[in-house]
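# Output the structure for:
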Amino acid sequence: MKNVIPPFTGFDKELFTYLKDLGNNNNVLWFNENKQRYTDLLITPAKAYINEMGNFFNVLNPAIRTEPKFNTTIMRLNKDMRFAKGEPYRNYLLIHFGKFKMDSEFFLYFDPNECQIGLFINGSKDKELFFKENIQKYAKEIEDVCKRYKINNNYALYEMNKEPDVVDEKFNFKKHYDFLVKHKYLILQKIITPEQLNLYSAELLSESVKIFYSLYPLYCFAISPEPLALIQKFEDMFEMDF
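Residues are numbered from 1 along each chain as shown. Just a heads-up that it's a prediction; the model follows:
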């Protein structure tokens, strides 16, 4: 009998304590001794969150993966031991929604200090990746999307290297156009601090829907050679007041 995924009621504030403790005790013995905390604070609520957000994504775009599984929507904490450098675990939780590995994707991320939510854009050249081509072909249309969906000035812009590096706390498409063209891995995100109570209730679902909805038209330029048709389909389907 498969385990039943419970309704999502929020994450527990002790999640941040667990991630800090893991960072200070990054070894197999400590991890195994705290396996129940790992399950209760990270994995069970993560699967509940993914399960309920799946209803939104399945309507938004059925190609986006929504199964609450490791290596699909949840990144495993355990590292590839060939590259672990003595620390076998990541002390962060990454939940992500994309079509395939290294696709542009929506994410919810917890580290020991805060929660981050937003969109990762893969601007590499590849037959399944389109942002690099579309940003030059549809610059005016992307600028319009960033205005209409209030993406400008409401998200911070980061470049993803080994670690995310902040570029500007207030993203603006026109201002950052040249940067977006030149760099491969980009992040637009908001910070949710541990003091914000919506992390610890089902309100996080509605907040996530609002954020992912606002970023979806920009995401269309990353995943499709015909982004305008995809955006039109999206706008015909949804009506939300921002």
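# I'd like the next helix or strand past the longest helix anywhere in the chain.
Secondary structure of the chain per DSSP state H: the longest helix is helix 203-223. As assigned by DSSP states H and E, the chain's next helix or strand after helix 203-223 is helix 227-237.
# Mind giving me the packing neighbours of that following helix?
Secondary structure elements in contact with helix 227-237, counted by 3 or more CB pairs under 8 Å, 6 or more residues apart in numbering; DSSP states H and E, are helix 139-148, helix 203-223. C-betas here are computed from N, CA, C, even on glycine.
# residue nearest the centroid of the chain?
Closest to where the C-alpha atoms of the chain average out (CA atoms, centre = their mean) is residue 107, at 0.9 Å.
# List the contacts of the nearest residue to that one once chain neighbours are set aside.
Sequence neighbours aside, residue 96 is the residue nearest to residue 107 in space, at 4.5 Å (criterion: CB to CB, 6 or more residues apart in numbering). Shown in contact with residue 96 (CB atoms under 8 Å, 6 or more residues apart in numbering): 73, 75, 105-108, 120.
# Mind checking what secondary structure residue 96 has?
What DSSP: H, G, I helix; E, B strand; the rest coil gives for residue 96 is strand.
# do the same with the one 5 residues further on
For residue 101, the secondary structure call by three-state DSSP comes out as coil.
# neighbours of it, just the number please.
By other CB atoms under 10 Å, the residues close to residue 101 number 10.
# do the same with residue 236
For residue 236, the tally of surrounding residues (other CB under 10 Å) stands at 8.
# Same question for residue 170.
The burial count for residue 170: 12, using other CB under 10 Å.
# wait, it sits on residue 156?
Yes - counting by CB atoms under 8 Å, residue 170 touches residue 156, with 7.1 Å between them.
# what helix or strand is the spatially closest residue to residue 209 that is not a sequence neighbour on?
Leaving aside its chain neighbours, residue 209 sits nearest to residue 56 (5.3 Å; criterion: CB to CB, 6+ apart). Using DSSP H and E, residue 56 sits in helix 44-60.
# ok, and what's touching that helix?
5-12, 15, 64, 66-68, 73-74, 93, 95, 97, 106, 108, 204-205, 208-209, 212-213, 216, 234, 237-238.
# just how off-centre is that helix within its chain?
13 Å (CA atoms, centre = their mean, to the nearest Å).
# before we move on, the earlier item: just the buried ones among the contacts of helix 44-60, please.
8, 10-12, 15, 64, 66, 68, 73-74, 93, 95, 97, 106, 108, 204-205, 208-209, 212-213, 216, 234 (16 or more other CB atoms under 10 Å).
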